[in-house]
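> Based on what follows, work out the 3D shape:
(2 chains)
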Amino acid sequence: MPVDVHLPTVLRSQAGGARTVSVEGATIGQVLHTLVETYPGLAGQVLTDEGTLHRFVNVYLNDDDVRYLNSLDTPVGESDEISILPAVAGGAD
Amino acid sequence: MLTLPRDLLDRMIAHCLAGYPDEACGLLGGDPATGEATSLHPTRNAAASAKLYTVDPRDHLRADRAVEASGYSIIGVFHSHTHTDPYPSPTDVDQAPDPEWHYVIVSLRDTAPMTRSYRIRNGRIDEEPITVTDR
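Take a look at the predicted model:
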């Protein structure tokens, strides 16, 4: 069951310039693994080598940050939308 | 070069002052091809710190959707330095998410806020001019 995944500008070049790609998967983890298999240039930018969510990205299921749901185990349905955005942080320290 | 309408600059500084003594932050929407900012999106600082900022992830999503719906993109981020120069810290450089973005820093160290913009690519910091326009 494919779901739409919206990519941030910084990652689009790794997916042929696409803003949105359609990816199969029943959980956030399955969708992201399939995404990285399909577009190997995204490897290491979305998931870590250990297969966990990279700390430099935020992944959303519709309006919710998946870290506040069940992270990679969060189930997804056909009408859901997944968004990936860079985590934006810094400071004077 | 970053082109910044005066009303956006004024709102940016006002958001930074309102967030004091914590750092304040937000995002800039605009045209990535020209570096012209067309919208300002103040966000919460999820780190709630005087020395660090984290753009609240839900505020970021909201801003991204609004900007993309208007045909533009997020082209940069701004944040305040409350007690230091308006220059990127090692933390800013390490965590710069996009080499195409404009990184704007508002220093509140002195009475008059100082605003500077930078490009950060592969760990290299280059200051760029800010052209303030009336629109």
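> Closest to the centroid, which residue in chain A?
A:Ile84 (4.6 Å; Cα atoms, centre = their mean).
> Check which helices and strands the helix or strand that contains that one sits against.
Per DSSP states H and E: A:Ile84 is located in strand A:81-86. Packing partners of strand A:81-86 (3 or more Cβ pairs under 8 Å, 6 or more residues apart in numbering or on different chains; DSSP states H and E): strand A:2-6, strand A:57-61, helix B:57-69. Where you see a C-beta, it was placed from the backbone N, CA and C, and this is true even at glycine.
> okay if I get the ones you listed as CSV plus mean pLDDT?
Conversion of those to CSV gives the following (pLDDT from 0 to 100):
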stretch, mean pLDDT
strand A:2-6, 95
strand A:57-61, 97
helix B:57-69, 97
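> does A:Glu81 really touch A:Val3, like I thought?
Yes. The criterion here is Cβ atoms under 8 Å, and A:Glu81 meets it with A:Val3 at 7.1 Å.
> who in chain A is up against chain B?
By Cβ under 8 Å from any Cβ of the partner chain, the residues of chain A that approach chain B are A:8-10, A:19, A:56, A:58, A:60, A:63-65, A:83, A:85-93.
> Whichever of these end up buried, select them in PyMOL.
Applying 16 or more other Cβ atoms under 10 Å in any protein chain shown to the residues of chain A next to chain B, the buried members can be selected in PyMOL as follows:
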select buried, chain A and resi 8+9+10+58+60+65+83+85+86+87+88+89+90+91+92
